[in-house]
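Participant: What would the 3D arrangement of this be:
(one chain, ligands or ions: 1)
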Amino acid sequence: MFSSLRGSVIAGTSRVSISRYSTTIQAKKKLVILGSGWAGYNLARRVDKSLYDVTLVSPVSYFSFTPFLASTSVGTLEFRCATEPVRGIKGLEYAQGWADSIDFERRELRIESSVTPPHAELAAMVARSHPNHPGHPSIHSPASGQNIHMDTMIPVSSRHRAQQRGMATVVGDHDPADHVLLPPRFYTLPYDKLVISVGCYSASFGIPGVKKHAHFLKDIRDARKIRRRLLECLEQASEPTCSPELRRALLSFKIVGGGPTGVEWAAELHDFVHRDVYRLYPHLKDQVRITLYDVAPGILINFDASLRAYAEKKFHRDGVTIRPNSSITAMGEDWVELDGKERHPYGLLVWSTGLCPNPFIASLPVKKHERSRAILVDKWQRVVNTEGQRLKGVFAIGDNATPADGPPLPATAQVATQQAKWLAKALNAHGRGQTLESQPGFEWKNWGSMVYVGNSRALVDRSREDVAGPKSRMAGWAAWILWRSYYAQLAMGWRNKVLVPIHWTLASFFGRDITRF
Ligand SMILES: Cc1cc2nc3c(=O)[nH]c(=O)nc-3n(C[C@H](O)[C@H](O)[C@H](O)COP(=O)(O)OP(=O)(O)OC[C@H]3O[C@@H](n4cnc5c(N)ncnc54)[C@H](O)[C@@H]3O)c2cc1C
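Facilitator: Residues are numbered from 1 along each chain as shown. The predicted model follows:
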């Protein structure tokens, strides 16, 4: 077996090589993929492992199927239906951590582990009983100002005890309050080919309070937090001691952002309220308020005008209030400020107003788009440094990349998946001896857009000029069947291809699960 996850531990001044499988033969090129989202996960599945030693680095050990996040956040689907474990990909090495920096000269990545560290007592005990193990870190002593090798230290069980002895945490550790005498958190990972696909973050536009108090919907953990808070609001509002005013505030659910994600969440919430809250919390019937805010004059501005009008009319009929031309100027734990004037209380607020750069991308010395700050790539998805020189073996795909020539592509799973498929094919051909330039460059095919608008209705928009194939637009029940069929077959693994229709059926017959844990 060839070495597949080989790196160096950086701990203070010590730097020790570790190798999971020792070997001296280096036959395959090392391909490192950053991120387990639509781009990274799809690429990792498709790239030929007989040609490359593939390591995927991601802080989370799963792929999130984002189109189902809104459904999972209200219980239409179970959380497991929207995730795939990274380790389920055969022949892949997985490193759970954050890419922290890249040395393009040495072709090395610095990774910060995101695995919960082992208990400090255990780490210290093992370190003392095996003092010559190369993985032992040194720790920094504020008292002496020196790095001390861990095996010389006495085990400590708390930061307080460590401080009493003048010790501190492992060098480079970000959270001194939690970690005392732990294994190293950083290591280096060499690569021959590197694919950057770490996506973007949710934009909050620096509006005071948003980062701290809003709920975002980017990942399955966000969906879980939203579901917990939603059910908590319903229970709090059900307390006999709850005043009518407080109940009204707790049952005020707000969405900021009238794009597809905000609209789908409003639609799923509407379904949950009308089918399940009415049944399970009859005393709260008719008291829930759903409000959707957007700075734009309407919702779904990238959709065809007739479909937009359908969605707006439908929301109006279903009691979902749309507040166009509204700017959120500040928010607190339970209030939101509109246009710098009115303050409105809320029980739960979901924020979905677009994307901002991943801080890791922001830190990279590569050419980026002036406005979006995404990495500029050529038609083979290759990256150049700030001086315009091509970085050998470095590619970028997904939301964190944008073409250097031509208009930006939408930040969608559709684009990320097509890029991943294209790059897997190109890398496989390259691994078999063909040059990259002999491959046709990446070209995006727009298959159109879909959005769920609630009550078993959806919109399908294939009317734009750049859409591949015949043009069409649909709204209503048939569009919803298409929406469900499309996403059910898109689910990555067979387990979810089976589970998703089962959970849809269970939810429609027995209602959504309202267990809170
Ligand atoms: C709720 C929701 C619904 C959506 N619905 C649709 C839809 O129906 N159709 C559609 O086409 N698009 C949809 N999108 C958009 C789509 O999900 C994104 O465009 C897509 O996720 C982009 O893929 P990506 O791989 O570039 O980034 P992401 O999917 O965001 O993945 C980024 C990955 O990188 C990891 N990462 C982050 N930082 C680091 C680091 N420093 N080191 C290593 N790894 C890192 C993350 O943990 C994650 O695994 C939706 C988005 C959301 C949020």
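
Participant: wouldn't residue 268 be in contact with residue 455 here?
Facilitator: No - using C-beta atoms under 8 Å, residue 268 makes no contact with residue 455, being 10.6 Å away. Where C-beta positions appear, they are placed from N, C-alpha and C, glycine not excepted.

Participant: Between the two, which is the more surrounded one?
Facilitator: Applying other C-beta atoms under 10 Å to residue 268 and residue 455 shows that residue 268 carries more neighbours, namely 23 against 16.

Participant: Let me see the residues that make contact with the strand or helix carrying residue 425.
Facilitator: Using DSSP states H and E, the element containing residue 425 is helix 413-431. For helix 413-431, contacts defined as C-beta atoms under 8 Å, 6 or more residues apart in numbering pick out 29, 31, 37-43, 45-48, 51-52, 66-67, 193, 195, 197, 380-381, 395, 397-399, 401, 409, 436, 438-439, 442, 444-447.

Participant: Emit the ChimeraX select command for whichever of these are buried.
Facilitator: To isolate the buried members of the contacts of helix 413-431 in ChimeraX, using 16 or more other C-beta atoms under 10 Å:
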select :29,31,37,38,39,40,41,42,43,45,46,47,48,51,52,66,67,193,195,197,380,381,395,397,398,399,401,409,436,439,442,444,446
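
Participant: contacting residues around whichever residue of the stretch 251-400 of the chain sits closest to the ligand?
Facilitator: Nearest residue of the stretch 251-400 of the chain to the ligand, counting by C-beta to the nearest ligand atom: residue 398, 2.2 Å away. Applying C-beta under 8 Å, 6+ apart, we find residue 398 in contact with 35, 37-40, 197-199, 415-416, 419-420.

Participant: Show the subsequent helix or strand relative to the helix holding residue 425.
Facilitator: With DSSP H and E, the next secondary element past helix 413-431 is strand 449-454.

Participant: mind listing what that next one pairs with, with the direction of each?
Facilitator: strand 457-462 (antiparallel) (DSSP bridges).

Participant: what's the offset of the strand it pairs with from the middle of its chain?
Facilitator: Its chain's C-alpha centre and that of strand 457-462 lie 25 Å apart, by C-alpha atoms, centre = their mean, to the nearest Å.

Participant: one step back: just the CA atoms of the helix holding residue 425, as PDB, please.
Facilitator: The C-alpha coordinates for helix 413-431 follow below in PDB (Å, rounded to 0.1, in the frame of the first residue of the first chain):
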ATOM      1  CA  ALA A 413     -24.700  23.300  -7.000                       C
ATOM      2  CA  GLN A 414     -25.400  22.900 -10.700                       C
ATOM      3  CA  VAL A 415     -22.200  24.800 -11.700                       C
ATOM      4  CA  ALA A 416     -20.100  23.200  -8.900                       C
ATOM      5  CA  THR A 417     -21.200  19.600 -10.000                       C
ATOM      6  CA  GLN A 418     -20.500  20.200 -13.600                       C
ATOM      7  CA  GLN A 419     -17.100  21.700 -12.800                       C
ATOM      8  CA  ALA A 420     -16.300  18.700 -10.600                       C
ATOM      9  CA  LYS A 421     -17.300  16.200 -13.300                       C
ATOM     10  CA  TRP A 422     -15.300  18.100 -15.900                       C
ATOM     11  CA  LEU A 423     -12.200  18.300 -13.700                       C
ATOM     12  CA  ALA A 424     -12.400  14.600 -12.700                       C
ATOM     13  CA  LYS A 425     -12.500  13.700 -16.400                       C
ATOM     14  CA  ALA A 426      -9.600  16.000 -17.200                       C
ATOM     15  CA  LEU A 427      -7.500  14.800 -14.300                       C
ATOM     16  CA  ASN A 428      -8.100  11.200 -15.200                       C
ATOM     17  CA  ALA A 429      -7.100  11.800 -18.800                       C
ATOM     18  CA  HIS A 430      -4.000  13.700 -17.500                       C
ATOM     19  CA  GLY A 431      -3.200  10.800 -15.200                       C
END
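
Participant: Report the buried residues of that helix.
Facilitator: So helix 413-431, judged by 16+ other C-beta under 10 Å, has buried residues 413-424, 426-431.

Participant: and what of stretch 97-108?
Facilitator: 97-100, 102, 104, 107-108.

Participant: For the stretch 151-300 of the chain, what lies in contact range of the ligand?
Facilitator: 197-199, 217-218, 261 (C-beta under 6 Å from any ligand atom).

Participant: what's the answer for the chain, then?
Facilitator: Those residues of the chain that sit near the ligand, judged by C-beta under 6 Å from any ligand atom, are 34-40, 57-60, 66-67, 69-70, 98-99, 197-199, 217-218, 261, 358, 360, 398-400, 411-414, 416.

Participant: what are the ranges of the helices in the stretch 1-150 of the chain?
Facilitator: Applying DSSP state H, counting those that start in this stretch to the stretch 1-150 of the chain gives helices spanning 38-46, 69-74, 120-129.

Participant: And for the shortest one, what's in contact with it?
Facilitator: By C-beta under 8 Å, 6+ apart, the residues outside helix 69-74 that reach it are 77-79, 81-82, 217-220, 222-224, 226-227, 230, 261, 264-265, 267-269, 271-272, 452, 512.

Participant: Identify those among those that sit within strands.
Facilitator: Among the contacts of helix 69-74, the subset assigned to strands under DSSP state E consists of residue 452.

Participant: Please list only the buried members of the contacts of helix 69-74.
Facilitator: If we count by 16+ other C-beta under 10 Å, the contacts of helix 69-74 have these buried: 77-79, 81-82, 217-220, 222-223, 226-227, 230, 261, 264-265, 267-269, 271-272, 452, 512.
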